[in-house]
Each structure stands twice: as C-alpha cells, then as structure tokens.
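1. Just a sequence and a predicted model for now, questions to come.
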Amino acid sequence: MSDQTTVTYSTIDANEAVASVAYRFSEVIAIYPITPSSPMGESAESWAAVNRKNLWGTVPSVVEMQSEGGAAGTVHGALQTGALATTFTASQGLLLMIPNMFKIAGELTPAVFHVAARSLAYQALSIFGDHSDVMSARSCGWAMLCGSSTQEAADFAAISHAATLESRIPFINFFDGFRTSHEIGKIADITDDTLNGMMIKQEWLDSFRERALTPDAPVLRGTAQNPDVYFQGRETVNRFYEATPAIVQNAMDKFAELTGRSYHLVDYTGAPDAERVIILMGSGAEAVEETVEAMMTRENAKVGVLKVRLFRPFPAAELVKALPATVRKIAVLDRTKEPGSQGEPLHQDIIQALFDAQANGTLPFTNGMPKVVGGRYGLSSKEFTPAMVKGVYDNLALDTPKNHFTIGINDDVLGTSLPYDEDYSTEADDVTRAMFFGLGSDGTVGANKDAIKIIGQHTNLYVQGYFVYDSKKSGSSTISHLRFGPRPIKSTYLITKANFLALHQPSLLDLFDFLKNAANGATFLMNSPHPADKLWDTLPARMQQQILDKNIKLYTIDAFAVARKTGMGGRINMIMQTCFFKLASVIPADEAIGYIKKAIAKTYAKKGQEVVDKNIAAVDATLENLHQVDTTGKTVNGHAIPPAMSPDAPDYVQNVLGKMMCGEGDSIPVSQMPVDGTFPNGTSQYEKRNLALDLPEWDPTLCIQCGKCTAVCPHAVIRSKFFSPDALANAPEGFECLDAKHPDWKGEKFVIQISPNDCTGCTLCADVCPAKSKTDPTHKALTMVPAGKIHDKEEANWNFFLSLPDVDRTKVRTDNIRSMQVLRPLFEFSGACAGCGETPYVKMLSQLFGNRLVVANATGCSSIYGGNLPTTPWSHDSEGRGPAWANSLFEDNAEFGLGFRVSLDKQMEHAIELLHEAAGAVGQELVDRILANPQKDEADIAQQRENIEELKKKNRRQAGIRAPPGPLRINLSARACGFWAATAGPTTSATAAWTTFWPAAGT
Ligand code: SF4
Ligand code: SF4
C-alpha cells in the first residue's frame, strides 16, 4: 500500500476526475458533447491542446465527431488498428453508440466508455440523471462498473481500463449524471505512479497491439456468417465473460494495495445480523449507507445496504455470499423504469441470483429464501433522501411489503408509492450546510465553486458542492448546496436544514420559500438595496415569521451598490463570497479573504491589472457595507407573497405549472401529469419574471415607425400595433400613440408597447433604434431608464395594448420589416438568454406563418427555450391557431420534419381525392372553389378558411362521403432551417378542408 502521508487531494467533480484517468490511459479519444458528460470531452480536448501527455508519454489524439454514433465508430476503428481508445457520453448519445458497441464486444476488443448516466427522452427530454441509458445498453456484451461517488467514479475508471485489457471485454464505467458527475468533492488524486505500469501488464498491451489490423500480417475480421456457424461463433466468448468478475476483483485488489481504497464486486455495509437489506447501485447507495448508520445508532435497527459495483457480468455468487445470513427481506432499488417488464433490471437479476443459489443448494440464509421486493426511485435526478430510504426500510418491516413500488413521488393513480416521513433527517451537527440563491449566469455558482476549492485546499475539511439549475438558458434561478464537514460526505441529496443561507438576487425575494430549509439559529444574508434599518418592512410576511420562529440571524448588504462603486458593474460574486466567509466562519475570515485575493489575481491575470484591482477593491469594500439587521421586538408586518402565476391563467396552468414555477413540482401527483407528454401552449405569458433593472422608454415624438425594435427583441416583449382611434376611449392615463405613417393604415393609430414584467433589460431594442433627438443625440425614440420609473405605468399600458384587437392580417404586407412587425408573435417570452440572436428569427417565423405552422424541433438550445417546462413560449392567436410543436431527438431532426412533410402531403392528396368524390353531394362549385384557391397570400388563406367553414356545414352522411382513414391536418410546405425544421407555407390546403369538415359532420 502507498504511504498515505503522500496522498494529495483535489477538489473537483467526477467528470474531471474520470476524464483525467481516461485521458492518461488513452491514445485516441473521440468525443461528442452531451449533457452531463460533456465536461469530460472538454477536459480531454483542453489537455491535448496544451500537450498534456498520457501514461506512455504521448499526447492523445482528441477528435470531435459529428455525433455520438460517429464517436463510437471512430473508437471502434482506432481499437481495430491498435490504439487504446475511449469516449464519454450519456442518454440517447449512448444509444447511438450501441450499434458499434455490439461490434466492439463481439470482436473482444478492450475499450472503456465513461457514461454520466442520464434519463432517456421518453414522454419528455430530461438532462438529469438516472440509469435508463446504461440499462438500455446492458445487452451489448460490455462489462459495467458503477461508482457511487466522485472518488469511486474515478477509481472505477482506473479499474475499468486495467480490467478491460486483461479480460478483452469492453467496459462501461458509469456514475450518476449530475449527482455524481457534477458534484464537487475532495478526492484523493490517482497518480501516474498508481496507473503507470502497475495497473497494466505489458503482456496485455502487447497482445492488444498484436491483434491490430496491419498489412504486415493481414487478417479479415467482421465476416458475414450463416446459420451453419453463427450460433457457435456467439458461444465462443463465454469463457471471457466467466473470467471477467475475477479479473475485476484482482484489479480492485491491486488498486487497494496501491491506494488503500478497497472495493469488491459487491460491497455490504450495515449490521452483520441485518434482517432488512436494500440493494442498489450509484449515488443513492451513499444516502442509504448514511441512513443505515443513523438507524443502527438511533434504533439499533438490523438493517444493511448492499452496493452493486459490477453490474455486468453479473456477480451472482459473490452477491449471494455478501448478504448477511440473517437477511429476511430485501428491497432492490432501480433508478430506471422498464415499462411492461416483470421488474426493473437489477430487481430481476437479484431474484435470478437467489433462485439459482437455491437451485444449486448454495443459499446461505438461516431463515431460507428472503422475501424480495423491487421499487423505482430517483428518475431524472429526483431527490432520494434518508427520509425515503427510511420509508423503504419501513416497507420491509411490514408483513407483506409492497412490491413494484415507487418512492419519492405521489402516485395517486395506481398507488405504487410508499409513504415516508419527510422530516426524517440524518444530517450531522458538525457539518456546515450552506445554500445560495442566485440567477443563471450571475456568477453565484462560480463564486461558490471557488469557495469550495478554497476550503477544500486549505483545510482538513471534506467538502461537497452541488448546484441546482433548471435547463432554461438564462434568467432562471440557481441554488447552490454546499457542505463542509470533518468526515467524507455521503449526503447525496439536497440540503434541508441549512445553517447558512444567502439570497444573491433581490428579484427572487417573492418567488421562493427560502427559509423553509433554514435550521434553527441559521444565518441569512440578503443582497438588498434597502438599508439595514429599513429592510424588515420590505420582507414578505412569511419570511418575517420564519425569521422570528427559527431565531434566524439576518444580515444585509447592498452588493450592487458596492459593485457599482468599485467599478464592478453588476458583478457581485466576489462581494457575496467575502460576506459568506465572514459570516459562516468555516475558516477565519482574514485568512479566507487572503485566499480570495490570490484566486482573483490568478483568475483575472489575463484580463489585466485593472480588472484584478477592481475585484480586490470590491472585496475590500465589502465588510464595511455588511450589516446585521436587528430583529429584536420585530413583528410580522410584511406583504403577502403574490401568486407565482397570473390569476388570469387557466386552472391547469395555475395549479400544476404554477407549482413547478415556485419550486414545488415534487408535490405534483401522477394524476396531474399528462399521460403522453402533451402540454398546452402559450403558457409563458403567465410567468412574470420581472428580471429587468432597466426598461426601454418610448418617445413617440421621435419614433419613425421602422419596426426595428420589435424585430430585434429576442423575447417578443416590445410590440407594435395599428388600431382604430375609437379604441383610445378606454386607454389608461399615460398611454401614448401617434398617427400611423404607413400608407396602408391611413387614419389608424400606431403604438410601440413593452411588457415590463417580461423584459430582460437586454437593451437590444434601444441599441437598434435609429431615431435620435436632434438636440440630444443620447435621447432616442427608445432609451433605457430605471425600471421603477415606468414599470407600473407600462404594466397598465400593456394590459390595454393586449385588449386592442390583433391587426387584420390581410392589411399587412409581409415583405418588409416595417409592415410585418405589427403581426402578433406566436412565440413569446421565451427563457432564451437575454440578447439571444436566434429567437428574433423564430419569433419572425411565428409572425409570418405561425397560425399554419408545424415545427419539428431538434434537441438543443432551441428545444430548451422552446419547450422547457414549466411554461413554454409557442403560443396561439385569438382564434386558437398557432404553431404545433414537437421535439424528437437531436440527431433525427431533418428526418422527423420530413415525416411531417410526407404525412401532410399524403393527407392533402387523399383529401383532394375525397373532395372530388364528394363533389356531387357538396356541390361542384364549392369543390372547385376550394381546389382552385391559390392560397398565396393572407387574403387567399382567409377566403379558404371561409370555404372550409361552408364545407363544414354540409352533412357527411347526407353527402355519402367515406370517412378519411385518420385525422387529417393542415398541410404546409416544408422548409428545413438548420437547427430546426418547420413545415410552414402559403397554403391552407384542401386537406384542411377535409380535416375540419370530418369531425363537424361526422357526429
Ligand atoms: S430590452 Fe431587450 S427584452 Fe426588453 S424590450 Fe428591449 S429588446 Fe426586448
Ligand atoms: S426602432 Fe425606434 S424608431 Fe423604430 S419603431 Fe422602434 S422606437 Fe420607433
């Protein structure tokens, strides 16, 4: 064993730790990014760029491919020609690799794929973690090792690379996406000495190289085989799989000698005489272990946990042997769902292992065959807490434990869920637990990562950093969960009893229940523009009550003011980080501030001394502006929390989407979720984010009605309309407009209007506005002003603007910006980044064709800002027409869109046939009118819609028309537009006629 005094530690996440091992073991690395595995490929690429060498003293070739399928093919080719090769992936990316994975395994080729396990896209995409991807790859013939923590993921990477060379079986080294891949921990470094030569024998490498394809000794590999020999060929590999578990155990033993960290194919922890045992894989095992320790200490419970490390080849005999002889009941937890199966994969494997042991007469249990139940937990990174673990053990304590259960959700449809006590906690008193609330891209997460590194590097404390952000591109909230403690931290779940909390963004004040997770006596730091002696009265009543009830110490700083004064603009991350070190007392504040300054000098050195100095000045100015708020004698006098959703929103939006919005989505029961992933559109209008510190103010006296501001706005926040002067009778005070200049709108009024609650303050509209005052060129028709100055007035104006009828599309020319910008956008208030350059085009598409548009959206930025719950920006007009939107995958977008096109063309063709057939009954003149309509402009389309209405009035049965074979939809001409494919166009076809006719007349 190595001398433990020489162990060095790094504070990193599993992606970085695993990539470091994989890089050093590889000569070719083929990559393709997919969340949450992308940082592994990025690290490999950046190390190669600075010529970092692998174990053999050469820089690996890192090749970025066009897809995961391409990456797997490249790895396959590299392996066949004698290079050690690897890749990183997740989710459907892994599935794209499967065709090559069968080949790699079939050819007995050593390789390791590192997988940050992620949910598969079923009814919805999810970037978060579970095992549904790796479980889909379990028939490929690859060995599968699963780590439960950052340290284990890295250690198993090393063990996999060694074992694959000896066994010739390729390995998937997997660990939980986000919970492990992105959790920052303090882990022991795996040195080159550990890896180099000691884990890998030269003879394994020589034998791998000798099998490489070479014209010096040509062979043919990958033949086509026939029924006479294929079957036998498949059976040749059995002895390799049989040998693999022992090879893995040997590699684990060798690794233990080198590092002191000991692993087995399965590891049991808990009472030696346990009667109730949970079996599982991945990060959840850490939470179970923590709960087992607590239950044994508190209740002397006879419980234990068995962690499966090697999932394939399944180590059945070792598993049965590792269970305590006293076990009576077992719960097998799977972090995946296999619809229609007898049980999830691990559950089935355990039952098979036990029955085989019984059949062989090797069942070692004193009470005979244990009762085994299975359940699902933690899909898509759903929290898995000690409270839930306790619920599973409580289920096992029943005479008849529930089988095929779920834990952590409320399944009120089939009643599969287990009850549990949400207040059950195993958090130790000597662990500091801190939560920070910020906005995406505001620097909060980055500052917290720095804080963890400072504490990890400069103290003996163990650290854990986990960051929760939804997949919105920007402007959404982030919550950082940091733990610091004297022992390795096994709490693989979010903090529920924080002793330090910080609100970095005042705009979030009314959105979340921040103090719900505050421990008694916690410290709460608020960034607020209000002075300490005035702050109390600005707080919501709920927060005031919690501060008094929980004896919370309240501190405040106007971080934005400090940032402005020290030249930092809106960057408050260093200021808030300094406050944290002062108040949390994890290490002496002076010491911490020294480390912060060193980190600043290092981080910003490239940006110049001026930037470094400004950051240091901000740190120095922080503490004098940090104040404690005296809460002595305070009473609850604050405001009520406004509803998260507009009260005008439909019930479903308020009661379901509204819960997601304010962070209570976990409480939504199964019955309230759509069975097929279909959601109403046009819901982003009800989510009022109020992000902008500055808003654009319109000066109609300068406006030239060019439409540039509305065209450029990424969020459809600034709009224009022409309308009848009569409508002004109901206008609120302060509503401004002017005579429309466009010749087609003579006699009408024209207005530019913003929605102040939806503006992101990106300034694009004001930047692009060409109309300047002659006397003051800084004053334009649009000028950014502090939000408080115009917010309330513009809110009333916006409501009035919405009440004005949408413009008559037949009066709008669509061949120039000035005119077409008055069309109503049917893509509005998306969660795209402030200043996004894509969304103005998407919005314009929705203006031009939105009421007859079908969108096949590829997976990526546009599917996230376009289709990320809780609210979505694709909308509909006052007649209910709007873009119909669907997302298939990343890689099949063009084909998905082509499917729309082919289908709609076919439906049009059929509808025309049926119309001809029905001519006698519905009238030849009407049929001719429908079929002859060119549908080239808005007037044609409006006319065609009238034709359809007329057709709908005919009775199908009287007319003797055959039913169409299925629902027929509006046909639209296809146009692939890069990242998405939309079918849109100038035709509302005869198909549409039939579509609307059939249901109306068929009753
Ligand atoms: S500031 Fe940005 S988001 Fe706000 S109205 Fe102008 S362009 Fe739109
Ligand atoms: S860009 Fe300026 S001038 Fe043009 S319509 Fe907008 S406010 Fe008026």
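-> Ah, there it is. In this text, all values refer to a predicted model and were calculated from it rather than measured experimentally. Ligands and ions are numbered 1, 2, ... in the order given.
2. quick one: residue 581 is in a strand?
-> No. Using DSSP: H, G, I helix; E, B strand; the rest coil, the assignment for residue 581 is helix, not a strand.
3. Could you verify my assumption that it touches residue 451?
-> Yes. Taking contacts as CB atoms under 8 Å, residue 581 lies within contact range of residue 451: 7.2 Å. C-beta here means a position set from N, CA and C on the backbone, and glycine is covered the same way.
4. more neighbours, these two?
-> The residue with more neighbours, out of residue 581 and residue 451, is residue 451; 28 against 24, by other CB atoms under 10 Å.
5. Quickly note the distance from the more buried one to residue 460.
-> 17 Å (CB to CB, to the nearest Å).
6. repeat for residue 709
-> 57 Å.
7. More neighbours: those two, which one.
-> Higher neighbour count among residue 709 and residue 460: residue 709, with 27 against 8, using other CB under 10 Å.
8. Secondary structure element holding that one?
-> Here residue 709, judged by DSSP states H and E, is contained in helix 708-712.
9. quick one: is whatever helix or strand comes next after that helix near ligand 1?
-> Next helix or strand after helix 708-712 toward the C-terminus (DSSP H and E): strand 718-723. Yes. Strand 718-723 lies within reach of ligand 1 by CB under 6 Å from any ligand atom, at residue 718.
10. per-residue pLDDT, the residue in the stretch 901-1003 of the chain that ligand 2 sits nearest to?
-> Proximity of the stretch 901-1003 of the chain to ligand 2 (CB to the nearest ligand atom) peaks at residue 938, 22.2 Å away. Reported pLDDT at residue 938 in the predicted model: 90.
11. Show the end-to-end separation of stretch 27-36, please.
-> Start to finish, the residues bounding stretch 27-36 are 23 Å apart (CA to CA, to the nearest Å).
12. Let me fix that, I meant to ask about stretch 34-43.
-> Stretch 34-43 has its terminal residues 14 Å apart, counting by CA to CA.
13. The residue of the stretch 901-1003 of the chain closest to ligand 2 touches residue 819, doesn't it?
-> No. At 11.7 Å, residue 938 does not count as touching residue 819 under the criterion of CB under 8 Å.
14. Now list whatever residues contact both of the two.
-> Residues touching both residue 938 and residue 819 by CB atoms under 8 Å, 6 or more residues apart in numbering: residue 812.
15. can you pull out the strands in the stretch 1-150 of the chain?
-> Taking DSSP state E, counting those that start in this stretch, the strands of the stretch 1-150 of the chain run over residues 9-13, 28-31, 61-64, 85-89, 112-117, 143-146.
16. I should have written the stretch 851-1000 of the chain there, sorry.
-> Ranges of strands within the stretch 851-1000 of the chain are 854-857, 884-887, 974-977, 980-983, based on DSSP E, counting those that start in this stretch.
17. Next: the stretch 401-550 of the chain.
-> Ranges of strands within the stretch 401-550 of the chain are 405-407, 432-439, 462-469, 477-485, 498-503, 518-527, based on DSSP E, counting those that start in this stretch.
18. Who are the packing partners of the first one?
-> Packing partners of strand 405-407 (3 or more CB pairs under 8 Å, 6 or more residues apart in numbering; DSSP states H and E): strand 371-377, helix 386-397.
19. How far away from the center of its chain is it?
-> How far strand 405-407 lies from its chain's middle: 23 Å, per CA atoms, centre = their mean, to the nearest Å.
20. The third one now?
-> With CA atoms, centre = their mean as the basis, the distance from the averaged C-alpha position of strand 462-469 to the chain average is 16 Å.
21. Report the angle between that strand and strand 432-439.
-> Put simply, strand 462-469 runs at 30 degrees to strand 432-439, going by axes from the mean of the first three to the mean of the last three CA atoms, to 10 degrees.
22. neighbouring contacts of strand 462-469?
-> 11, 179, 182-186, 440, 445, 448-449, 452, 455-456, 476-489, 491, 494.
23. so what's the backbone phi/psi at whichever residue of the stretch 201-350 of the chain sits closest to ligand 1?
-> With CB to the nearest ligand atom, the shortest gap between the stretch 201-350 of the chain and ligand 1 falls at residue 283, namely 39.0 Å. Per-residue torsions, residue 283: phi -60, psi -30 (degrees, to the nearest 10).
24. Now for the residue of the stretch 101-250 of the chain found nearest ligand 1: which residues touch it?
-> Of all residues in the stretch 101-250 of the chain, the one sitting closest to ligand 1 is residue 127 (25.7 Å; CB to the nearest ligand atom). For residue 127, the contacting residues are 35, 36, 91, 118, 119, 177, 178, 471, by CB under 8 Å, 6+ apart.
25. just those now: which is nearest ligand 2?
-> Ranked by distance to ligand 2 (CB to the nearest ligand atom), the contacts of residue 127 are led by residue 471 at 32.5 Å.
26. Any buried residues in stretch 760-777, and which?
-> Residues of stretch 760-777 classed as buried by neighbour count (16 or more other CB atoms under 10 Å): 760, 761, 762, 763, 764, 765, 766, 768, 769, 771.
27. and ligand 2, which of those residues contact it?
-> Counting by CB under 6 Å from any ligand atom, the members of the buried residues of stretch 760-777 near ligand 2 are 769, 771.
28. can you redo the buried residues of stretch 760-777 as a markdown table with secondary structure and pLDDT?
-> Output for the buried residues of stretch 760-777, formatted as a markdown table (DSSP: H, G, I helix; E, B strand; the rest coil; pLDDT from 0 to 100):
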| residue | secondary structure | pLDDT |
| --- | --- | --- |
| 760 | coil | 91 |
| 761 | coil | 93 |
| 762 | coil | 93 |
| 763 | coil | 96 |
| 764 | helix | 97 |
| 765 | helix | 97 |
| 766 | helix | 98 |
| 768 | helix | 97 |
| 769 | coil | 98 |
| 771 | coil | 97 |
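29. Present the buried residues of stretch 760-777 as CSV; the columns should include distance to residue 20.
-> Formatted as CSV, the buried residues of stretch 760-777 follow (distance: CB to CB, whole Å):
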residue, distance to residue 20
760, 38
761, 40
762, 38
763, 42
764, 41
765, 46
766, 47
768, 46
769, 50
771, 56
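30. ok, which pair from the buried residues of stretch 760-777 is furthest apart?
-> Across the buried residues of stretch 760-777, the longest distance by CB to CB is 22.4 Å; it joins 760 and 771.
31. So residue 69 sits against residue 891, correct?
-> Yes. Using CB under 8 Å, residue 69 is in contact with residue 891, at 7.3 Å.
32. related to what we said a few turns ago, for the strands of the stretch 1-150 of the chain, which one sits closest to residue 924?
-> Closest approach to residue 924 among the strands of the stretch 1-150 of the chain (CB to CB): strand 85-89, 60.0 Å.
33. Just list what that closest one packs against, helices and strands only.
-> helix 14-24, strand 28-31, helix 38-49, helix 68-80, strand 112-117.
34. Which pLDDT value goes with residue 547?
-> At residue 547, the pLDDT value in this model is 98.
35. Go ahead and confirm it touches residue 631.
-> Yes. Between residue 547 and residue 631 there is a contact at 6.0 Å, judged by CB under 8 Å.
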